[in-house]
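*Asks:* Build me a structure from this.
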Amino acid sequence: MDERVQVYENKMQKSLENLISELGTIRAGRANPHILDKIQVEYYGTPTPLQQVANVTVPEPRMIQIQPWEGSLVKAIEKAILVSDLGINPTNDGKVIRLVLPELTEERRKELVKDVKKKGEACKVAIRNIRRDANDAYKKLAKQDVSEDEIKELESKVQKLTDKFGKDIDKVVEDKSKEILTV
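*Replies:* A predicted model of the protein is given here:
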């Protein structure tokens, strides 16, 4: 593939990967350790990702268990979870923190699906912006003795990529929506 197209395909791929990782942090009724990915814990004065200071496991379908590597971190981890936007109250026995995920209400599920669709739409906008940047760059090539046919071909390739990634985004959003709505 032409490296002038490859650059933009890589950018589109990164946008899609970003959407997938964002959707991974959305809770869908079952316990998923990725909902903790964005949580930072104060560790010796430095904000540190939770996964770097504790072992995160899923012993039951609706429970996440966090085993800190140092007992002194229990309070810090608990505080980080409370100030996050997870909306889950942690419980601890002094050594282990447990997060029991409540069953999602129908209303909350619908809100989450709306949020997923919004994120999908934002990703599509990012893809279209990348297409626009590519087309602008290709139009500038006309000044560098690149034929009009070649420019049209490049624009066509980027449009095909845009369509392909649009379909990929729709599929990711649809799959996540189904996962959320499945009780």
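*Asks:* List the residues that contact the nearest residue to V113 once chain neighbours are set aside.
*Replies:* Excluding the flanking residues, the one nearest V113 by Cβ to Cβ, 6 or more residues apart in numbering is S177, at 4.7 Å. Glycine gets a C-beta too; all of them are placed from N, C-alpha and C. Residues in contact with S177 (Cβ atoms under 8 Å, 6 or more residues apart in numbering) are V113, V116, K117.
*Asks:* Please report the distance of S177 from K118.
*Replies:* 12 Å (Cβ to Cβ, to the nearest Å).
*Asks:* Leaving out the residues flanking it, which one is nearest to L181?
*Replies:* R109 (5.6 Å).
*Asks:* Need the per-residue pLDDT for the residue nearest the centre of the chain.
*Replies:* Central residue of the chain (Cα atoms, centre = their mean): E22, 1.5 Å from the mean position. Note for E22: predicted pLDDT of 84.
*Asks:* can you check the one 5 residues further on too?
*Replies:* Predicted confidence (pLDDT) at R27: the value is 67.
*Asks:* again with E17
*Replies:* 92.
*Asks:* element containing G87, please.
*Replies:* Secondary structure from DSSP states H and E places G87 outside every helix and strand.
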